[in-house]
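Visitor: predicted coordinates and the sequence they were generated for:
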Amino acid sequence: MPVHDVFKARQGGVCVGGKLEGGAMRPGSKVLLVPGCEVATVKSLEVDGKDHAPLALAGDSADVLLSGIDAAALHAGAVLCHPEFPVHLAVKFTVQVLVLQVSLPILKGHAVTVHAHTAREAGVISGLLGLCDSKTGQRKQHKPRCLLSGQTALIEVTPVRPMPLERFADVKTLGRIALREGGRTVAVGVVTAINE
């Protein structure tokens, strides 16, 4: 569950809001916070506006009251997951992107803001790996010098701080990203590999 909002609960403790992207959660469940690798316990759930819900399933919007975790560790963009199946913390990742309308070509070293699920992090395009056919996804050209509007390409992105991400093939909602610069979206795409 990507964390969208963090707030103090009336009952004491800290509450996080977000949408469950996979699996299920119930009071008493143990959850792992990524990044931070802290384990917390679910005290209660509010699902779609209903207090004290017995269960939250994939697709539900939920407010989760947590215990056993420091409120300072929680922030929008973090992910709650099962402790035995943690979300990857990506230091570098490969993305297949579609370059949108850009006024200048995108070069290696281009600074961008990476948006993925509820996370937002500054980063840099650390490598242009190849141009792809927009229909088949097959690589056409290896290591282009620059990317222009309308091109589909494989690139490597390095965020300033590690981000919780998954491959698009594994978890679709945690594998979609947008690259923005100066308030404009310059490219959108899907994570194909996580290079930890």
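Guide: Yep, it's here. Residues are numbered from 1 along each chain as shown.

Visitor: quick one: the helices in the protein, in order.
Guide: Taking DSSP state H as the criterion, the chain contains no helices.

Visitor: which helix or strand in it has the lowest average pLDDT?
Guide: Using mean pLDDT, DSSP states H and E, strand 139-142 stands out as the lowest-scoring helix or strand of the chain, at a mean of 82.

Visitor: who does that one pair up with?
Guide: strand 119-132 (antiparallel) (DSSP bridges).

Visitor: can you give me the neighbour number for Thr192?
Guide: 16 (other Cβ atoms under 10 Å). Placement of C-beta: from N, CA and C, glycine included.

Visitor: begin at 151, not 1, for the rest of this chat.
Guide: Will do, 151 is the new start, and the previous item becomes Thr342.

Visitor: residues contacting it?
Guide: 244-246, 304, 317-319 (Cβ atoms under 8 Å, 6 or more residues apart in numbering).

Visitor: cool, Phe318 as well?
Guide: Applying Cβ under 8 Å, 6+ apart, the residues near Phe318 are 325-326, 340-342.

Visitor: got the contact list for stretch 248-261?
Guide: 272-278, 284, 295-303, 331, 335-339.

Visitor: for the closest residue to Val197 other than its chain neighbours, what are its contacts?
Guide: If the residues on either side of it in the chain are set aside, Val197 comes closest to Ala203, at 3.9 Å by Cβ to Cβ, 6 or more residues apart in numbering. Listed by Cβ under 8 Å, 6+ apart, the contact partners of Ala203 are 195-197, 212.

Visitor: of those residues, which belong to strands?
Guide: Mapping those onto strands (DSSP state E) picks out 195-197, 212.

Visitor: picking up where we left off before, got the contacts of Ala203 as CSV, with pLDDT and neighbour count columns?
Guide: Output for the contacts of Ala203, formatted as CSV (pLDDT from 0 to 100; neighbours: other Cβ atoms under 10 Å):
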residue, pLDDT, neighbour count
Leu195, 92, 22
Glu196, 90, 18
Val197, 90, 19
Ala212, 91, 22
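
Visitor: now those residues as JSON lines including distance to Ala228?
Guide: Converted to JSON lines, these look like this (distance: Cβ to Cβ, whole Å):
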{"residue": "Leu195", "distance to Ala228": "18"}
{"residue": "Glu196", "distance to Ala228": "19"}
{"residue": "Val197", "distance to Ala228": "20"}
{"residue": "Ala212", "distance to Ala228": "15"}
